[in-house]
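> Coordinates for the following, if possible.
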Amino acid sequence: MPETRRITVLMGGPDAERPVSLQSGEQVATALRRIPGFVVIDHVVDRPDTNSLATLLAEDRADVVYPVLHGSWGEGGELQSSLDEIGIPYVGSGSEASALAMDKMATKSKADDIGVRTPAACVVPRSGTIDLQPPFVLKPIDEGSSVGVRMVADLADLPPILKELRSSHARVMAEAFVSGRELTVTVLGADTLPPVEIEVSSGFYDYDAKYLRNDTRYTVSPLLPDGIEARMAADSLSIFDALGCRDVARVDWLLDVSGRDGPQAWMLEVNTIPGMTSHSLVPMAAAARGIDMSELCRRLVESAWTRGTRRPG
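I've put the predicted structure just below:
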């Protein structure tokens with residue numbers, strides 16, 4: 001890269017994951033400021049329109065944008081569409097891939113198409129009648145960080161939980177519950193990083209366990225049944241490519257070891273702007289590969305810059 005680059009880090013956003021975005025954005029900005037030759041400007045934004053965003057970036061004289069926003073606006077393609085229109089290179093997946101990955105049902109459909117195993121799921125209609133039998137999980141179709149995830153153990157519990165979710169989420173899905181080990185695989189460029197296992201002290205890996213509690217345990221490169229790590233890595237790359245993702249994404253998995261056909265890994269979702277907080281899994285996996293936070297962020301900025309210099313004209 002040229003000796004000096006001006007990097008604008010965007011964080012915040014209008015979505016439920018704003019507090020996590022602020023933590024992630026601060027970590028990214030701090031990491032980038034450690035790199036000689038990088039001038040880093042960070043902004044907390046809400047939901048700027050394209051013209052306002054263009055003015056902001058022009059004032060920054062930004063060479064590359066690093067968006068660290070979690071949720072449907074900042075991660076689901078709308079922000080990316082604005083950046084495409086402005087014509088400035090940015091870290092992460094483009095608008096189409098972002099929209100596909102943010103839609104959990106669309107992601108699962110892609111997984112089915114390419115033979116990646118994923119739990120059965122359906123969109124919950126207005127009637128609330130679904131084909132799945134308990135236990136199953138209700139979740140918003142276009143949220144991350146386990147926002148709004150609810151377990152349904154009995155059909156009698158469904159109406160009040162569904163009413164609660166629909167008060168703030170237009171589209172809700174039901175997904176068959178798979179009991180197993182929580183794992184995640186980071187795709188970095190054309191490679192994968194070591195898997196990370198998540199163990200919660202009680203319940204499941206919800207928002208509190210991810211960001212608020214200190215009793216969640218993480219193990220990088222856990223001992224897994226033969227062939228599982230290689231299969232998860234290959235399938236993570238496959239779904240990353242099928243969605244059209246780029247730069248980095250985190251693919252979340254459940255490992256069921258109780259089936260009669262032996263251990264099976266089930267893909268849950270793909271996160272195109274994964275968390276970069278002190279609790280986050282991507283920096284953890286990168287560190288195990290000898291890639292510290294500054295080097296990780298530098299690689300992502302360099303990828304965006306290189307892609308931008310190849311634009312026609």
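
> how far away is the spatially most central residue of the chain from Pro263?
Taking C-alpha atoms, centre = their mean as the criterion, Asn271 is the residue nearest the geometric centre of the chain, at 1.9 Å. Distance of Asn271 to Pro263, given as C-beta to C-beta, to the nearest Å: 24 Å. The C-beta positions use only the backbone N, C-alpha and C, and glycine is treated the same way.

> repeat for Arg299
Here Arg299 is placed at a distance of 33 Å from Pro263 (C-beta to C-beta).

> where in the chain is pLDDT low?
1-3, 144-146, 202-214, 310-313 (pLDDT under 70).

> Can you show me the strands along it?
5-12, 38-45, 64-68, 121-123, 136-140, 150-152, 172-176, 181-188, 191-192, 196-199, 217-220, 248-256, 264-271 (DSSP state E).

> what packs against the fourth one?
Going back to what we said before, that points to strand 121-123. Secondary-structure packing of strand 121-123 (3 or more C-beta pairs under 8 Å, 6 or more residues apart in numbering; DSSP states H and E): helix 104-114, strand 172-176.

> And for the first one, what's in contact with it?
Contacting residues not belonging to helix 104-114 are listed as 99-101, 117-118, 121, 123, 139, 141-142, 173, 238-239, 242-243, 267, 269-270 [C-beta atoms under 8 Å, 6 or more residues apart in numbering].

> 6 Å instead?
Here helix 104-114 makes contact (C-beta atoms under 6 Å, 6 or more residues apart in numbering) with 100-101, 118, 121, 141, 173, 238-239, 242-243, 267, 269-270.

> Can you add neighbour count and give those back as JSON lines?
Listed next are the contacts of helix 104-114 as JSON lines, based on neighbours: other C-beta atoms under 10 Å:
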{"residue": "Leu100", "neighbour count": "21"}
{"residue": "Ala101", "neighbour count": "28"}
{"residue": "Thr118", "neighbour count": "24"}
{"residue": "Ala121", "neighbour count": "21"}
{"residue": "Ile141", "neighbour count": "20"}
{"residue": "Met173", "neighbour count": "21"}
{"residue": "Ser238", "neighbour count": "18"}
{"residue": "Ile239", "neighbour count": "25"}
{"residue": "Ala242", "neighbour count": "17"}
{"residue": "Leu243", "neighbour count": "23"}
{"residue": "Met267", "neighbour count": "22"}
{"residue": "Glu269", "neighbour count": "20"}
{"residue": "Val270", "neighbour count": "28"}
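
> circling back: wait, which of the helices and strands packed on strand 121-123 is closest to Ala234?
helix 104-114 (10.9 Å; C-beta to C-beta).

> Can you list the buried residues in the closest one?
Within helix 104-114, the residues scored as buried using 16 or more other C-beta atoms under 10 Å are Lys104, Thr107, Lys108, Lys110, Ala111.

> out of those residues, which one sits closest to Gly148?
Lys104 (11.4 Å).

> How about Trp262, nearest residue that isn't a chain neighbour?
Let me fix one detail, which is that residue 262 is Gly and not Trp. Spatial nearest neighbour of Gly262, excluding adjacent residues (C-beta to C-beta, 6 or more residues apart in numbering): Pro225 at 7.5 Å.

> just Arg47 next, same as before
Pro14 (4.4 Å).

> Asp42 versus that neighbour, what's the distance?
For Pro14, the distance to Asp42 - C-beta to C-beta - is 18 Å.

> who has more neighbours, the two?
Neighbour count, other C-beta atoms under 10 Å: between Pro14 and Asp42, Asp42 has more, with 20 against 13.

> Name whatever forms a beta bridge with that one.
In this entry, Asp42 is beta-bridged to Val9, by DSSP bridges.

> one step back: do you know how far the residue nearest to Gly262 is from Leu138?
Using C-beta to C-beta, we find Pro225 at a distance of 30 Å from Leu138.

> If you count surrounding residues, which of the two has more?
Leu138 (22 against 13).

> Let me know whether the more buried one touches Arg150 as I believe.
Yes. Leu138 sits in contact with Arg150 when judged by C-beta atoms under 6 Å, with a separation of 4.7 Å.
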